[in-house]
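Chemist: build me a model:
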Amino acid sequence: MKKSFLLFAFYLFILSLINAQTVQPFGPLPSARQLQWSNMEFYMFVHFGPNTFTDLEWGKGTEHEEVFNPTNLDCRQWCRVAKAAGAKGIIITAKHHDGFCLWPSKFSTHTVAQSKWKNGKGDVLRELRNACDEFGLQMGVYLSPWDRNHPAYGTAAYNDVYINMMKEIVQNYGPFFEFWWDGANGEGPNGKKQMYDFARFEKTLRTIAPNTVVFSDIGPDIRWVGNENGTAGKTNWNLLDTAGFTRGAGSPPTDTLNAGNENGKNWIPEECDVSIRPGWFYHKQEDSLVKNPQTLFQLYLKSVGRGASLLLNVPADRIGVINEHDSVALIGFKKLRDDNFSNAIINKKFPLSYENNYVVNIGSTKKINCIIVNEPVEYGQRVKKFSIQFNKGNDIVKQIEGTTIGRKRILTFDATEADSFVIVINDAKAKPLLESVSAYLIDEKLIEKNQ
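Modeler: Okay, the predicted model is just below:
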């Protein structure tokens with residue numbers, strides 16, 4: 001009897017330990033569509049339209065439709081390049097501020113149907129949709145609310161036009177992984193500005209495209225990073241307070257967008273948009289100014305490596321293809337990622353339990369200059385400050401510091417010989433959780449301190 005009682009008491013003790021370690025979500029959490037989006041990490045933007053042929057960045061809306069005439073549009077080539085670069089999808093500027101639609105919209109007379117390209121029978125969105133499906137890439141769309149051509153712009157009727165356009169492209173070319181709202185709001189052809197009904201726009205998208213993440217300055221799913229340099233904040237919370245803010249001129253300050261709000265009420269992670277060229281549309285004079293693979297690698301470290309995603313603009317040229325200068329840089333960028341991140345010195349997954357110190361034994365002395373650490377963000381973002389102590393024998397040979405972690409944090413530093421290291425959670429909003437850590441020795445020429 002006494003033995004049975006002791007066994008039962010031991011069982012209750014073990015059960016209490018298990019229950020004490022049961023992981024509970026904390027704070028705002030990502031939705032299923034946000035989690036799926038965050039796993040993409042890197043995808044391409046393609047700016048393409050009348051500006052490609054006029055050498056403008058912001059078209060005036062008065063351009064004649066015949067100016068749009070790519071001589072050999074090849075969306076399959078776009079997708080081959082994207083796939084070879086390791087990008088997971090392509091977002092296309094279906095309509096930029098000039099109002100020109102890359103599909104034959106029923107709600108505009110400023111579209112490919114009025115151009116001489118393919119005798120008015122062409123459809124860029126259809127060709128891209130087919131190519132993305134063929135190459136296993138996801139497709140997204142940028143649809144500028146600002147329209148410098150549409151006669152209804154600046155009136156209540158334009159909100160209906162915009163909603164009809166959203167419905168049209170979702171129905172005919174979806175599903176989309178992302179829908180991009182630019183915050184620009186200027187005058188239309190009648191000299192008036194538009195009062196955008198974003199509440200209706202958002203409600204419409206949630207109804208017709210419930211699995212599509214929506215980007216803008218304040219989400220609702222993804223936020224702007226606050227710059228067009230492709231760099232997230234060294235401190236980067238996936239949380240944002242949006243009450244009292246609007247898209248465009250009324251958005252939160254850029255430093256807030258860059259770092260997020262530590263105690264923000266909404267899960268709205270950031271996307272880093274940057275162009276491979278100085279401009280967003282193709283300009284021949286910029287062929288020699290394409291970012292090189294090393295620069296793109298640094299952008300990867302400062303976007304994906306700080307818990308954000310990287311949206312890299314690679315514009316199509318006047319022929320209708322990704323220019324060779326851009327594609328060469330992209331392939332070099334992919335090679336750098338493969339060469340440096342394919343062979344981890346150690347890759348360790350942690351059990352889902354609360355810890356303040358995460359010990360990693362390497363087994364033998366190795367030279368390390370890069371650490372990747374991950375939080376399981378489906379349970380919330382918790383870590384406010386951490387350090388990593390590198391050990392050789394009984395000696396601490398180096399220590400580095402960091403703030404937020406989030407989905408992925410990549411830290412680079414001067415190469416250090418160590419046989420173990422300890423990740424110490426110095427401060428957290430709730431009981432800390434880590435998912436995994438990996439260590440690398442990357443090309444020392446790619447190291448930037450204070451990563």
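
Chemist: from now on I want contacts and neighbour counts done on CA atoms only, so please keep to that.
Modeler: OK.

Chemist: could you pull up the mean pLDDT of the longest strand belonging to the chain?
Modeler: Counting residues, the longest strand found in the chain (DSSP state E) is strand 409-428. The average pLDDT for strand 409-428 rounds to 97.

Chemist: and it, what does it pack onto?
Modeler: strand 357-374, strand 383-392, strand 395-402 (3 or more Cα pairs under 8 Å, 6 or more residues apart in numbering; DSSP states H and E).

Chemist: what about the helices in the stretch 51-200 of the chain?
Modeler: Ranges of helices in the stretch 51-200 of the chain, per DSSP state H, counting those that start in this stretch, are 75-85, 124-135, 156-173, 198-208.

Chemist: any low-confidence regions in the stretch 1-150 of the chain?
Modeler: 1-21 (pLDDT under 70).

Chemist: which one, of the helices of the stretch 51-200 of the chain, ends up nearest to residue 384?
Modeler: Across the helices of the stretch 51-200 of the chain, residue 384 has its closest neighbour in helix 198-208 (32.1 Å, Cα to Cα).

Chemist: what's in contact with that closest one?
Modeler: Among residues not part of helix 198-208, those counted as contacts by Cα atoms under 8 Å, 6 or more residues apart in numbering are 163, 166, 167, 170, 212.

Chemist: how is the chain carved up into domains?
Modeler: Domain assignment for the chain, taken from automatic domain parsing, gives 32-341, 346-446.

Chemist: so which of the helices of the stretch 51-200 of the chain comes closest to residue 35?
Modeler: helix 198-208 (16.6 Å).

Chemist: out of the helices of the stretch 51-200 of the chain, deepest packed?
Modeler: Stretch with highest mean neighbour count among the helices of the stretch 51-200 of the chain: helix 75-85 (a mean of 20; mean count of other Cα atoms under 10 Å).

Chemist: who's in contact with it?
Modeler: Against helix 75-85 from outside (Cα under 8 Å, 6+ apart): 43-44, 88-90, 127-128, 131-132, 135, 137, 316, 320-322, 327, 330-331, 333-334.

Chemist: now the buried members of those.
Modeler: 43-44, 88-90, 127-128, 131-132, 137, 316, 320-322, 327, 330-331, 333-334 (16 or more other Cα atoms under 10 Å).

Chemist: now do the helix or strand harbouring residue 37: which elements does it pack against?
Modeler: For residue 37, the element it lies in under DSSP states H and E is helix 32-38. Packing partners of helix 32-38 (3+ Cα pairs under 8 Å, 6+ apart): strand 213-216.

Chemist: relative to the strand it packs on, what are the paired strands and their orientations?
Modeler: strand 178-180 (parallel), strand 222-224 (parallel) (DSSP bridges).

Chemist: quick one: mean pLDDT for the helix or strand just after the longest strand of the chain?
Modeler: Scanning forward in sequence from strand 409-428 by DSSP H and E, the next helix or strand is strand 436-440. The average pLDDT within strand 436-440 is 98.

Chemist: how about stretch 232-240?
Modeler: 98.

Chemist: first-to-last residue distance for it?
Modeler: 14 Å (Cα to Cα, to the nearest Å).

Chemist: mind listing what the spatially most central residue of the chain touches?
Modeler: Relative to the mean C-alpha position of the chain, the nearest C-alpha, by Cα atoms, centre = their mean, is the one of residue 309, at 2.8 Å. By Cα under 8 Å, 6+ apart, the contact list for residue 309 reads 38, 40, 41, 42, 270, 271, 272, 303.

Chemist: filter those residues to the buried ones?
Modeler: Buried, going by 16+ other Cα under 10 Å: 38, 40, 41, 42, 270, 271, 272, 303, out of those.

Chemist: got a markdown table for these, with distance to residue 121 too?
Modeler: Output for the buried ones among the contacts of residue 309, formatted as a markdown table (distance: Cα to Cα, whole Å):
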| residue | distance to residue 121 |
| --- | --- |
| 38 | 36 |
| 40 | 33 |
| 41 | 35 |
| 42 | 33 |
| 270 | 38 |
| 271 | 35 |
| 272 | 35 |
| 303 | 40 |
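
Chemist: these in strands, which ones?
Modeler: 42, 270, 271, 272.

Chemist: the last one contacts residue 233, correct?
Modeler: No - taking contacts as Cα atoms under 8 Å, residue 272 lies outside contact range of residue 233: 10.3 Å.

Chemist: do a quick rundown of the strands in the stretch 1-150 of the chain.
Modeler: 42-46, 89-95, 138-143 (DSSP state E, counting those that start in this stretch).

Chemist: give the pairing partners of the shortest one; include direction for each.
Modeler: This means strand 42-46. By DSSP bridges, strand 42-46 pairs with strand 89-95 (parallel), strand 309-313 (parallel).

Chemist: can you name the residues that contact residue 196?
Modeler: 145, 159.
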